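Q: structure for the following, please:
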Amino acid sequence: MSALRTRYRVGELRPSQILFTFGVGSVIDLPSLSVMVMGLNDWTSGYGLEVNEPRLLAAARRQIGDQLKRLLTPPLPPDTAIQPGPFDESALVGIPVATFPRWVVCPSCRLLAPLGSGLFALRTDPYRPDRTRYVHQSCSRAAKPPAVNPARFLVACTKGHLDEFPWVPFIHRGKPGCQGPLQFTELGVTGEAADIQVSCDACGSQRRMVEAFDNDPQTLPACRGRRPHLRDFEERCQATMKAILLGASNSWFPIVLSALDVPTASGELNQLVESNWVVLGKAVTKDVLAAFRQIGQLSAFLKYSDEQIWAAIEARRNAQGGDETTSDLKTPEWQLLAEADPTKNTANFRVKAVATPPSYAAMLDKVVLGERLREVQTLIGFTRIESPGDFGDDSYVAPDRRAPLSRTPPEWLPANEVRGEGIFLRFDEAAVRSWLEDRSRKEHAGTFLEAHRRWRQVRKREPVDAGFPGLRYVLLHSLAHLLMRELAVECGYTAASIRERIYSLEPMETDGPMAGILLHTATADSEGTLGGLVSLGQPEALGRLLDQALDAARLCASDPLCAEHHAWRDGDTLHAAACHACMFVPETSCERGNRYLDRAVLVPTIQRSDLAFFGTGQ
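A: This next block holds a predicted model:
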């Protein structure tokens with residue numbers, strides 16, 4: 001791809017945006033350009049900092065491959081007191097991007113042509129990079145060359161490929177020969193595809209853009225397998241292309257894995273070694289260890305000798321390849337949160353058990369305040385057209401649908417860490433089992449199972465029963481959503497700043513049973529450490545919040561339509577009595593894309609009163 005190459009400074013994007021909004025393969029709108037974030041092969045990994053989270057690294061390695069060695073932050077320029085000049089090497093440290101799409105439109109004469117046609121010139125300003133633009137040099141309708149705009153139509157397929165819109169074949173309906181010039185005309189002021197006409201000045205052919213969205217497989221050519229973020233084409237892809245708009249939400253969906261930093265070692269020294277393994281793992285001899293101590297890398301180990309530290313390092317090396325690579329991500333978290341042992345607290349994991357609200361003691365077994373939590377997130381790939389949630393479990397997407405981040409299997413992945421706080425609720429297992437054994441609840445579980453099967457059948461996912469979380473999950477998930485909405489009002493955090501982690505396993509499953517929810521801050525800035533959540537976890541405040549949340553769930557502003565909504569008869573939704581007015585939260589905060597929700601399993605509604613876990617007495 002012969003394209004403009006620049007560096008999008010991390011200072012212009014928050015690190016979390018590089019994982020969730022503008023990651024590898026996504027398109028960013030700059031003031032006068034549209035650019036694509038390039039693959040990891042183009043990144044300068046030497047400027048990234050290694051992130052220590054062995055459980056997450058092991059989980060990513062199981063999906064990406066054993067060649068994966070590290071998790072790194074996005075490239076960061078050197079931290080200096082002096083602002084670097086535009087020609088300093090550090091000014092080029094950042095995220096590499098390239099111009100995409102390369103078909104552009106002149107706003108004055110409405111010429112539609114590729115940048116490679118020679119009709120456009122790149123104008124740069126080293127002191128004001130935001131002014132970088134392409135101009136139409138020979139425009140006949142402007143006194144000076146106007147800055148051109150990217151053509152806002154693209155084509156993509158469900159295998160993660162993205163390509164320029166096939167303008168010439170589309171306008172000429174596949175007939176070869178004529179090559180333009182082309183005109184891009186807006187016949188109305190709405191900007192809708194029906195009001196946009198593209199035409200050829202040479203032969204007079206013309207077509208409305210709305211025809212590109214009619215789902216006729218003959219309208220657009222077969223996919224060429226183009227991966228512009230990797231500068232290559234993948235062979236043997238004949239999938240049907242779909243027209244999409246530049247910047248459309250379905251053009252890029254991140255696949256992100258996340259894990260809480262929980263101590264897996266016992267003893268203060270072993271925990272210190274674990275939390276500093278990024279440095280200590282590189283100590284191949286005692287002399288290297290001593291060198292680390294001399295340059296101030298081991299200030300946390302002042303009360304330990306080199307021999308003690310080395311023995312702990314050797315013990316950890318010998319233990320690697322055991323539990324840390326075979327256990328799933330949530331089981332160690334559940335064990336530490338449910339136990340809430342203060343002797344196991346570390347600098348990145350500090351929890352404290354508090355009393356359960358008296359009126360909920362029969363349903364909730366334990367309340368734990370996460371005074372200090374650290375979550376690490378890493379991007380392992382992305383999808384187009386279909387979101388990861390369309391595959392059932394967001395943490396796993398079939399390899400043929402997961403677009404890679406690099407041309408070769410990567411040895412590192414971009415990662416981000418979030419430090420914040422949270423509230424953990426552990427449900428009483430006996431109360432949950434008793435509730436699930438009722439005949440009406442079993443029938444309702446069957447309804448959700450049928451909805452799950454139909455949802456997977458529509459998406460051609462086999463086997464159709466795979467991944468069904470059960471009614472236990474619906475119960476936990478529904479309460480998590482109600483509490484997140486209530487917490488966002490009370491604590492001052494934005495709704496998108498609170499995230500859920502659901503711990504749900506039946507007794508017969510490995511590591512089961514689990515029945516708990518963790519609501520924690522999900523932002524990387526200071527908003528995640530204000531103490532707002534922890535203060536609301538105290539018995540009196542939490543009891544009041546639960547009362548308010550459950551009382552609000554009895555009646556929705558969209559009732560009776562919301563309460564009457566069926567899990568599968570009323571469309572492909574995979575939820576029952578739930579909607580934007582009562583239960584839905586931002587999708588970045590939800591594990592399951594606002595699916596598997598039903599307020600009727602929590603409290604009586606105007607439609608059903610036989611499912612409520614909290615009964616009629618609350």
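Q: tell me which other helices or strands the longest strand belonging to the chain touches.
A: In the chain, taking DSSP state E as the definition, the longest strand is strand 364-383. For strand 364-383, the packing partners by 3 or more C-beta pairs under 8 Å, 6 or more residues apart in numbering; DSSP states H and E come out as helix 15-20, helix 54-64, strand 253-260, helix 330-339, strand 349-354, strand 412-427, strand 514-521, helix 532-535. Every residue, glycine included, has its C-beta placed from N, CA and C.
Q: could the ones you listed go into CSV alongside mean pLDDT, distance to residue 162 and mean neighbour count?
A: Shown next, in CSV, are those (pLDDT from 0 to 100; distance: least, C-beta to C-beta, whole Å; neighbours: other C-beta atoms under 10 Å):
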stretch, mean pLDDT, distance to residue 162, mean neighbour count
helix 15-20, 82, 18, 20
helix 54-64, 91, 21, 20
strand 253-260, 92, 12, 23
helix 330-339, 92, 33, 19
strand 349-354, 94, 40, 17
strand 412-427, 93, 19, 24
strand 514-521, 94, 34, 24
helix 532-535, 86, 39, 20
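Q: mind putting those in TSV, distance to residue 294 included?
A: TSV is the format used below for these (distance: least, C-beta to C-beta, whole Å):
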stretch	distance to residue 294
helix 15-20	31
helix 54-64	26
strand 253-260	33
helix 330-339	34
strand 349-354	30
strand 412-427	28
strand 514-521	38
helix 532-535	39
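Q: tell me which of these sits nearest to residue 556.
A: strand 514-521 (21.2 Å; C-beta to C-beta).
Q: now the angle from the closest one to strand 364-383?
A: Per axes from the mean of the first three to the mean of the last three C-alpha atoms, to 10 degrees, the angle that strand 514-521 makes with strand 364-383 is 70 degrees.
Q: within the sheet, what are the partner strands of strand 514-521, with directions?
A: If you go by DSSP bridges, strand 514-521 pairs up with strand 412-427 (antiparallel), strand 498-505 (antiparallel).
Q: what's the closest of the helices and strands packed on strand 364-383 to residue 495?
A: Closest to residue 495 of those is strand 514-521 (C-beta to C-beta; 11.7 Å).
Q: re the thing from before, for residue 501, find the nearest of the helices and strands packed on strand 364-383.
A: Nearest to residue 501, of the helices and strands packed on strand 364-383 and by C-beta to C-beta, is strand 514-521 at 4.3 Å.
Q: the strands paired with strand 514-521 into JSON lines, with extra columns for distance to residue 311?
A: Converted to JSON lines, the strands paired with strand 514-521 look like this (distance: least, C-beta to C-beta, whole Å):
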{"stretch": "strand 412-427", "distance to residue 311": "29"}
{"stretch": "strand 498-505", "distance to residue 311": "35"}
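Q: and those: which comes nearest residue 307?
A: Closest to residue 307 of the strands paired with strand 514-521, according to C-beta to C-beta: strand 412-427, at 31.6 Å.
Q: just the CA atoms of that closest one, as PDB, please.
A: Output of strand 412-427 as PDB, limited to C-alpha atoms (Å, rounded to 0.1, in the frame of the first residue of the first chain):
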ATOM      1  CA  TRP A 412       3.400  -9.900  21.500                       C
ATOM      2  CA  LEU A 413      -0.100  -8.300  21.800                       C
ATOM      3  CA  PRO A 414      -1.200  -4.800  22.700                       C
ATOM      4  CA  ALA A 415      -2.500  -4.600  26.300                       C
ATOM      5  CA  ASN A 416      -3.800  -2.100  28.800                       C
ATOM      6  CA  GLU A 417      -4.300  -2.100  32.500                       C
ATOM      7  CA  VAL A 418      -7.100  -0.500  34.600                       C
ATOM      8  CA  ARG A 419      -6.800   0.100  38.300                       C
ATOM      9  CA  GLY A 420     -10.000   0.700  40.200                       C
ATOM     10  CA  GLU A 421     -12.400  -0.700  42.700                       C
ATOM     11  CA  GLY A 422     -15.500  -2.800  42.900                       C
ATOM     12  CA  ILE A 423     -18.200  -4.700  44.800                       C
ATOM     13  CA  PHE A 424     -18.500  -8.500  44.800                       C
ATOM     14  CA  LEU A 425     -21.700 -10.200  45.800                       C
ATOM     15  CA  ARG A 426     -21.700 -14.000  46.500                       C
ATOM     16  CA  PHE A 427     -25.100 -15.600  46.300                       C
END
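Q: quick one: buried residues of the longest strand of the chain?
A: 364-383 (16 or more other C-beta atoms under 10 Å).
Q: stretch 197-212 too?
A: So stretch 197-212, judged by 16+ other C-beta under 10 Å, has buried residues 197, 198, 199, 200, 205, 207, 209, 212.
Q: out of those, which are inside strands?
A: Using DSSP E, the members of those that fall in strands are 197, 198, 199, 200, 207.
Q: and the angle for the longest strand of the chain with helix 54-64?
A: Interaxial angle of strand 364-383 relative to helix 54-64 (the same axes, to 10 degrees): 40 degrees.
Q: and strand 364-383, how far out from the chain middle?
A: With C-alpha atoms, centre = their mean, to the nearest Å as the basis, strand 364-383 stands 13 Å off its chain's centre.
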